[in-house]
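A.B. asks: let's see this in three dimensions:
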Amino acid sequence: MDPGNAVNSQTGYDQIASVETPDDQTVVVTFSELYAAALSLFSIADGVLPAHVLEGQALGNAEFNRLPEGTGPYVVTEWRSGDSIILDRNPNYRVPDRPIIDRIVFKIIPSREVGIAQIRSGEVDVLWDLIESQVPEFEALEGVELQVVPSSNVEYLGLNLSEATDPNQPDPILGDADVRMALAMAIDRTPIIEELLFGMTTVATSPIGMGWAAPEGLSFPDYDPEGAANLLEEAGWVDSDGNGIRERDGTELSLRISTPSGSQLRELSQQILQEQFAAVGIDLVIENVPAATLFGNWQENGMLKRGDFDIVMDTWGADLDPDAFLTTLFTSDQIPTEANGGEGWNFFRLVDPELDAAIAAGRSTLDLEARKEAYRDAVQRILDDLVYIPLYNRAVINAFQSYVTGWNPNPWDEFTWDAANWSINR
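C.D. replies: Have a look, this model is predicted:
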């Protein structure tokens with residue numbers, strides 16, 4: 001909560017009234033008002049920040065970021081920039097005889113394709129973050145086992161509603177709801193799913209892809225290129241010079257799409273979208289950049305934070321409790337600005353009071369059915385605003401050499417969640 005710390009979101013933490021420790025094994029957190037997602041603030045993913053290490057320091061510059069302290073089975077002992085992160089067995093781990101493996105080395109590699117070559121050659125034991133299109137290749141590979149886990153992650157397109165230079169000024173193209181509707185209607189997900197992903201996933205219908213809060217029966221525009229073209233024509237977007245690109249008031253209907261460079265799947269997906277948009281008179285320019293450029297923070301002039309983009313192709317998903325995900329990504333108080341130091345990830349620059357109210361209602365009761373209904377209303381508002389276009393549901397896919405045993409899938413945590421139980425049996 002220190003304003004000197006640039007954090008993505010203070011949601012939930014800003015409702016903590018006090019933290020007390022009556023004894024060495026107990027922490028009592030008191031909230032200023034009911035906050036249904038309280039437990040999610042102290043999950044494994046978020047971690048606990050130790051006062052004896054961090055008190056009085058700016059989090060952004062703390063050594064803790066590279067050599068964190070914690071209570072897990074492993075201790076970070078070295079971080080070799082651009083090469084590897086080394087974790088050694090924690091001698092003080094609370095579970096007897098765990099972990100089994102003495103050291104885990106996370107190798108930093110330039111691309112997924114390099115990782116595939118290294119697991120084929122036996123240079124690495126585990127490979128993280130494969131994609132659906134690679135499943136057939138690995139199923140035919142002897143000595144390697146796949147861990148395929150359904151997830152809440154959704155591949156989507158995110159649209160920027162405002163000018164990069166002025167967040168209060170609507171974008172001349174994407175600020176037009178008819179254009180956003182036409183984009184949604186122009187997309188046929190079938191070739192992406194069937195041809196690029198070998199039919200190994202399904203069409204996404206919501207930003208909440210899985211879990212108790214995942215809604216069903218929501219409405220979203222169907223694939224209708226003729227309807228998209230007619231809608232644009234009626235809205236005044238016409239191809240007056242016959243070059244295949246519509247224009248209105250001197251502005252060409254041309255948009256940039258960006259994603260982290262180096263993903264063959266996404267590059268091919270973008271080319272399919274490019275063809276589909278061209279069929280209705282929309283020019284789509286592919287401008288992919290390094291991940292650090294796209295997702296960088298405000299101080300680093302990150303493209304999403306600064307609003308310097310038109311359309312982003314990305315994957316994101318809600319945790320088991322979706323409050324933090326929905327709040328950070330979609331509420332109007334989470335729009336990154338100069339004034340708030342770039343806090344928040346509402347890079348759509350979406351302002352929708354009804355959406356804000358629905359998300360707030362979801363965190364304001366412990367009645368699970370009432371929460372589900374509130375989040376259903378929130379997701380329908382997101383789809384109606386047409387700033388988030390879901391493409392397909394993502395699985396979490398990791399590969400293990402067959403001599404690595406003891407691992408188990410978990411759709412709600414990182415793949416190393418049970419690394420204390422892993423063993424090497426060559």
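
A.B. asks: buried ones in stretch 286-294?
C.D. replies: Neighbour counts over stretch 286-294 (16 or more other Cβ atoms under 10 Å) mark 288, 293-294 as buried. Using the backbone N, CA and C atoms, a C-beta is placed for each residue, glycine as well.

A.B. asks: any idea how far apart the tips of that stretch sit?
C.D. replies: As for stretch 286-294, its first-to-last residue distance stands at 14 Å under the measure Cα to Cα, to the nearest Å.

A.B. asks: any chance of the buried residues of stretch 286-294 in a markdown table, with pLDDT and distance to residue 193 too?
C.D. replies: Converted to a markdown table, the buried residues of stretch 286-294 look like this (pLDDT from 0 to 100; distance: Cβ to Cβ, whole Å):
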| residue | pLDDT | distance to residue 193 |
| --- | --- | --- |
| 288 | 97 | 21 |
| 293 | 96 | 29 |
| 294 | 96 | 24 |
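
A.B. asks: now, which of those residues sits nearest residue 256?
C.D. replies: Of all the buried residues of stretch 286-294, the one with the least separation from residue 256 (Cβ to Cβ) is residue 288, at 10.0 Å.

A.B. asks: skip the chain neighbours and tell me the closest residue to the closest one.
C.D. replies: Nearest non-adjacent residue to residue 288, counting by Cβ to Cβ, 6 or more residues apart in numbering: residue 261, 4.2 Å away.

A.B. asks: wait, doesn't that neighbour sit right on residue 289?
C.D. replies: Yes. Using Cβ atoms under 8 Å, residue 261 is in contact with residue 289, at 6.0 Å.

A.B. asks: which helix is the longest one in this protein?
C.D. replies: helix 368-385 (DSSP state H).

A.B. asks: mind listing what's buried in it?
C.D. replies: Neighbour-count burial for helix 368-385, with 16+ other Cβ under 10 Å as criterion, is recorded at 371, 373-383, 385.

A.B. asks: same check, this time on stretch 330-340
C.D. replies: Neighbour counts over stretch 330-340 (16+ other Cβ under 10 Å) mark 330-331, 334-337 as buried.

A.B. asks: neighbours of residue 186, just the number please.
C.D. replies: Under the neighbour criterion other Cβ atoms under 10 Å, residue 186 is assigned a count of 25.

A.B. asks: and for residue 62?
C.D. replies: Neighbourhood size, residue 62 [other Cβ under 10 Å]: 15.

A.B. asks: low-confidence ranges in the stretch 51-200 of the chain?
C.D. replies: Across the stretch 51-200 of the chain, the stretches falling below the confidence threshold (pLDDT under 70) are 165.

A.B. asks: OK, contacts around residue 85?
C.D. replies: For residue 85, the contact set (Cβ atoms under 8 Å, 6 or more residues apart in numbering) comprises 76, 78-79, 105-106, 108.

A.B. asks: got the residues you listed as JSON lines, with distance to residue 9 columns?
C.D. replies: As requested, those are arranged in JSON lines below (distance: Cβ to Cβ, whole Å):
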{"residue": "76", "distance to residue 9": "25"}
{"residue": "78", "distance to residue 9": "31"}
{"residue": "79", "distance to residue 9": "25"}
{"residue": "105", "distance to residue 9": "32"}
{"residue": "106", "distance to residue 9": "26"}
{"residue": "108", "distance to residue 9": "27"}
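
A.B. asks: any idea which element the residue nearest the centre of the chain lies in?
C.D. replies: Central residue check for the chain by Cα atoms, centre = their mean: the C-alpha nearest the mean position is that of residue 316, 2.3 Å away. Under the assignment given by DSSP states H and E, the secondary-structure element containing residue 316 is strand 311-317.

A.B. asks: in its sheet, what does that strand sit against?
C.D. replies: In the sheet containing strand 311-317, its partner strands are strand 144-159 (antiparallel), strand 254-258 (parallel), by DSSP bridges.

A.B. asks: those strands: which one's closest to residue 209?
C.D. replies: Closest to residue 209 of these, according to Cβ to Cβ: strand 144-159, at 4.4 Å.

A.B. asks: show me what the following helix or strand past the closest one is packed up against.
C.D. replies: Towards the C-terminus, the helix or strand next in line after strand 144-159, according to DSSP H and E, is strand 162-163. Taking 3 or more Cβ pairs under 8 Å, 6 or more residues apart in numbering; DSSP states H and E as the contact definition, the neighbouring helices and strands of strand 162-163 are strand 166-170.

A.B. asks: how far off centre is the strand it packs on?
C.D. replies: Taking the mean of its C-alpha atoms, strand 166-170 sits 24 Å from the chain's own mean (Cα atoms, centre = their mean, to the nearest Å).

A.B. asks: buried residues in that strand, which are they?
C.D. replies: residue 167.
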